[in-house]
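1. Fold the following for me, if possible:
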Amino acid sequence: MKSYDQRITDKRNGVNRWSMGFPEWPSQKQYQPEASQRRRVEQLSASDLDEFRLRDASGAAQHAFNMAKLKREKAQRLLYRADLAIHKAVLALMTAEAIKASSEKESTDDG
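-> Next comes the predicted model:
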């Protein structure tokens, strides 16, 4: 990995990340025609197709589990924030009531 100074120097010299050894777009020759891909799919056995379906379902279930976990954690954070906001509101109300009671007491003592 390049140091920070080398990266800055490369940027100043006009060298960008596209010329730093990153692979270029693959050529079209590497792609198989659709007909040969269809033949490959047709050659798969029923057990292979079942395995792919199982993997797809397993991946979908894992994704759903992860999303549910993230949503539960977010809900817990929101609940904590709401609880904290309620606590602050109660404290503000109690403080306001105490100030009001104190000012009313002072006005009755003066009169």
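
2. Could you report the distance from Lys100 to Leu93?
-> 10 Å (CB to CB, to the nearest Å). Every residue, glycine included, has its C-beta placed from N, CA and C.

3. in terms of contact count, name the helices or strands touching the one helix or strand Thr108 maps to.
-> Here Thr108 is covered by helix 46-110, with elements defined by DSSP states H and E. Contact partners of helix 46-110 among helices and strands, from 3 or more CB pairs under 8 Å, 6 or more residues apart in numbering; DSSP states H and E: none.

4. what's the average pLDDT for that helix?
-> Averaged over helix 46-110, pLDDT sits at 94.

5. Could I have the CA atoms of stretch 77-93 written out in PDB?
-> Extracted in PDB, the C-alpha atoms of stretch 77-93 (Å, rounded to 0.1, in the frame of the first residue of the first chain):
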ATOM      1  CA  ARG A  77     -32.000   2.800  19.700                       C
ATOM      2  CA  LEU A  78     -35.100   4.700  18.900                       C
ATOM      3  CA  LEU A  79     -36.800   3.400  22.100                       C
ATOM      4  CA  TYR A  80     -33.800   4.500  24.100                       C
ATOM      5  CA  ARG A  81     -33.900   8.000  22.500                       C
ATOM      6  CA  ALA A  82     -37.600   8.300  23.100                       C
ATOM      7  CA  ASP A  83     -37.200   7.300  26.700                       C
ATOM      8  CA  LEU A  84     -34.400   9.800  27.200                       C
ATOM      9  CA  ALA A  85     -36.600  12.600  25.600                       C
ATOM     10  CA  ILE A  86     -39.500  11.700  27.900                       C
ATOM     11  CA  HIS A  87     -37.100  11.900  30.900                       C
ATOM     12  CA  LYS A  88     -35.800  15.300  29.800                       C
ATOM     13  CA  ALA A  89     -39.300  16.600  29.300                       C
ATOM     14  CA  VAL A  90     -40.400  15.400  32.800                       C
ATOM     15  CA  LEU A  91     -37.400  17.100  34.300                       C
ATOM     16  CA  ALA A  92     -38.100  20.300  32.400                       C
ATOM     17  CA  LEU A  93     -41.700  20.200  33.500                       C
END
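
6. Give me the buried stretch members for it, please.
-> When burial is assessed from 16 or more other CB atoms under 10 Å, stretch 77-93 yields no buried residues.
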